[in-house]
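S.K.: sequence first, then the predicted structure, then my questions.
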Amino acid sequence: MLRRTGAFVFAMVCLAQVEAHAFKWESIDPVVIGGRFQYFTVVDRASVPFRWNTTTQSRRDLTRLMLDLDADTRYGDLYLKGSALWDLTRPSQIQKRFLFEQGDYLWSQDLNSIDYSLRLFANERRFITYDAVAPLLKDDLVGSGQDNLGVRFDTRIKNTVDVIGLYSSLGDANDGLRDIGYLRTAYRGPLILSASYLLDHPGGIIDSNHAIFKIEVSSSFKQAYGVVSYQRSGYSDRDVFFPSASEGEDAKSLPKDAAFFADLRLTSIRIPKAGSFKFIYNYAFVGESFFNDLGLAAEAQQTNSLTGLFRSTQSELNGRLSFRRSERFFFEEKDIDRWEGALWGRFRNGLDFWLRGETIDTTTPGFEDNGNFVDVALQRELSKVRTAIHVMWKDIDTIFSDKRFAWDGKLALSPNWGLYWRFLVSSQFDLGDMLYSRLEYRPNDRLFFVFGYGRTVIGDGPFLLEDQDIELSRFSSAQYTLLLRGDF
């Protein structure tokens, strides 16, 4: 089986030498048809995580063919996407199916004093609402489940009044009963004032309907910018309602079903012959009865944070210092103080560096917990290679003390070939399973081939050793990966 896979991949790579126009579909104006073919194979070093299991290899194929259609006419824009999937986990479990992945129809008009658009969608992945802080609908969260249907209306009047109306059903193949309605209107002047309303019918075994109302105000003056928002949530058996006043107040003299947020910024405060400063202050309050799983999933607490950023005009040097204090007053009292600092820059020889540190003090009745880390990295980039060394000390002087080391980089072997590697060592992990490598081959803009070896989870954060996904890597084994992708 592996020989057949290797022969297939080798043949496809040889075909990559064909000119790109051989994979291009001619468009039938105004209709454009495109697609993608992806062959993906994974070979695990162990099929199951038991030492006494005698099977040493486990193979999984995931082959995918995607087709999309884009039609731009005077009657509107239409986009459709579907895919055929071949999923082989075991020889006796071969799944072949065709999936409708996304559909979108857009009709818009731009007139002298009013612009508007109507959109019909299926499996939309982003619900953009243009909120400044704490949105009622988080753009990616509400569409992460796919399997949605809906309609959306956007309009702008004289470039001063915006209106967004949205209705969508949410769910998956097992439960499509949940639906939401969303309305937002905003006025643009010296102040940007907006009001938003979300009506959520959870469906399923939940009888009560859920609603959230929000008011947001933002403005700027010279080097200062500020935005504040106030939200209320509530439940009712009625189909349409506004959240009513709740009984009682939280410890911070705000209603239990309310949430309040503020963001204040001072930008570009210049100091002659030194640099410039920026200051950011954030405040957040979430009541114990406030709930919004589509936009804000936060526990009942009050948070204050102040951040200062410095940029030097005399050298390649930047700095950041931040303090954050969180007070949880519901279910269990907890105070968290967090200091975070960072310094990064470049030496005259082109060597980049950064130094980051953090301390966290958590206090609960009768218990105190401390956490910290120091992260140091040096990076150098030349014409064909970029490489970096990372060292981190975590939870110093605690029972969870850990030292981590990482070396990563990318080598451009040629304009078509590239090699990426990542090697990690930690006192809490196995040394032999910390390697991740990836060989990439791109003969043209339409073909892409990857051969990889290493852990399935390597992290994707901006700072390698601070990524929380590294903690999960101890539960996965190294694997071989073959990927061939072609666009046409």
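M.R.: Sure, I can see it.

S.K.: tell me the contacts of the residue lying closest to Val161 once chain neighbours are set aside?
M.R.: Distances taken as CB to CB, 6 or more residues apart in numbering place Tyr187 nearest to Val161, at 5.8 Å, with adjacent residues excluded. The way it works is simple: take the backbone N, C-alpha and C, and place the C-beta from them, glycine included. The contact partners of Tyr187, by CB atoms under 8 Å, 6 or more residues apart in numbering, come to 160-161, 193-194.

S.K.: just give me the residue closest to the centre of the protein.
M.R.: Asp140 (7.6 Å; CA atoms, centre = their mean).

S.K.: quick one: it from Ile128, how far?
M.R.: 10 Å (CB to CB, to the nearest Å).

S.K.: go on, Pro135?
M.R.: Separation of Pro135 from Ile128 (CB to CB): 9 Å.

S.K.: who has more neighbours out of these two?
M.R.: Between Pro135 and Ile128, Pro135 has the larger neighbour count (other CB atoms under 10 Å), namely 24 against 14.

S.K.: that one: what secondary structure?
M.R.: coil (DSSP: H, G, I helix; E, B strand; the rest coil).

S.K.: can you check Gln95 too?
M.R.: Following three-state DSSP, we place Gln95 in the strand state.

S.K.: so where do the strands sit in the stretch 251-400 of the chain?
M.R.: 258-271, 275-286, 301-312, 317-328, 334-346, 352-364, 367-381, 385-394 (DSSP state E, counting those that start in this stretch).

S.K.: mean confidence score for the fifth one?
M.R.: Model confidence over strand 334-346, given as mean pLDDT, is 94.

S.K.: how about the CA coordinates for it, as CSV?
M.R.: Provided in CSV are the C-alpha atoms of strand 334-346 (Å, rounded to 0.1, in the frame of the first residue of the first chain):
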residue,chain,number,x,y,z
LYS,A,334,-10.4,35.1,43.0
ASP,A,335,-7.9,37.9,42.3
ILE,A,336,-5.4,37.6,39.5
ASP,A,337,-2.5,40.1,39.1
ARG,A,338,-0.5,39.8,35.9
TRP,A,339,2.6,41.7,34.9
GLU,A,340,3.9,41.2,31.3
GLY,A,341,7.0,42.8,29.7
ALA,A,342,8.7,42.5,26.3
LEU,A,343,11.7,44.0,24.6
TRP,A,344,12.6,43.3,21.0
GLY,A,345,15.0,44.8,18.5
ARG,A,346,17.9,44.3,16.0
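
S.K.: Ile212 sits in which helix or strand?
M.R.: strand 209-221 (DSSP states H and E).

S.K.: elements contacting that strand?
M.R.: Helices and strands touching strand 209-221, by 3 or more CB pairs under 8 Å, 6 or more residues apart in numbering; DSSP states H and E, are strand 192-201, strand 224-236.

S.K.: any chance of a markdown table for those strands, columns mean neighbour count, mean pLDDT and distance to Asn209?
M.R.: Output for the helices and strands packed on strand 209-221, formatted as a markdown table (neighbours: other CB atoms under 10 Å; pLDDT from 0 to 100; distance: least, CB to CB, whole Å):
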| stretch | mean neighbour count | mean pLDDT | distance to Asn209 |
| --- | --- | --- | --- |
| strand 192-201 | 19 | 95 | 5 |
| strand 224-236 | 19 | 94 | 6 |
